[in-house]
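> fold the following and give me the result.
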Amino acid sequence: MATKTVSVKKAEPTKLPPNPLQSEILELVSKQRTKAKKVEVLKEYRNPCLVSLLIWNFDESVQSAIPEGDVPFKQNEETHPVDGVSRLNQHTKRLYNFVVGGNYDLNRTRREALYIELLESIHRDEAKVLNLVKDKNLQSEYKIDREIVSEAYPDIKWGGRV
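Numbers count the residues shown, from 1 in each chain. I've put the predicted structure just below:
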């Protein structure tokens, strides 16, 4: 009886379109089966917004200035970023407003109003990511942890951000 040899072709990681959503990057990282592949994808798609989100989520010294839990907002229903829907990476410089010590001049009401405005202006998948990060809960939705982030981005200094 002859045996058949079956060769399995290794699937290359999916390439994302130029300027992908942060949620698309995190989904691609999450789909990788090995730590090395996750690190590779994080390195390839590194951008200031992604790094800020990962620090906010995994650095214990960064605390959200937005209350934990669900945020009432009108979810953007666009399925693709188009006119009228911005990308989270366009708002990276505003993220400091939502962490403790980031902007002392904002009162709680104004800070929360700005956060809701941001959520309503970005793609719904990125709004979901931002809410997960706010509650330091990104790992509940995506298969990523601080160890993977530290290996991908060894230049991140953890702690002492308050």
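
> what does the longest helix seen in the chain rub up against?
Looking across the chain with DSSP state H, the single longest helix is helix 108-121. Contact with helix 108-121 is made by 65-67, 71-76, 85-86, 91, 94, 97-98, 103, 106, 127, 130-131, 134, as judged by Cβ atoms under 8 Å, 6 or more residues apart in numbering. C-beta: built from backbone N, CA, C; applies to glycine.

> if any of the residues you listed are buried, give me the PyMOL selection for them.
To isolate the buried members of the contacts of helix 108-121 in PyMOL, using 16 or more other Cβ atoms under 10 Å:
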select buried, resi 65+66+71+76+85+91+97+98+127+130+131+134
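
> I'd assumed residue 42 was in a helix, is it?
Yes: the assignment for residue 42 is a helix, going by DSSP: H, G, I helix; E, B strand; the rest coil.

> span of stretch 60-74 from start to end?
30 Å (Cα to Cα, to the nearest Å).

> next: stretch 95-108.
By Cα to Cα, one end of stretch 95-108 lies 15 Å from the other end.

> flag every buried residue along it.
95, 97, 98, 99, 102.

> and the very next helix or strand once past the longest helix of the chain, average pLDDT?
Toward the C-terminus, helix 108-121 is succeeded by helix 124-134 as the next helix or strand (DSSP states H and E). For helix 124-134, mean pLDDT rounds to 95.

> what lies in contact with helix 124-134?
Applying Cβ under 8 Å, 6+ apart, the set of residues contacting helix 124-134 is 21-24, 26, 53, 56-57, 64, 66, 68, 70-71, 73, 75-78, 87-88, 98, 115, 118-120, 122, 138, 140-141.
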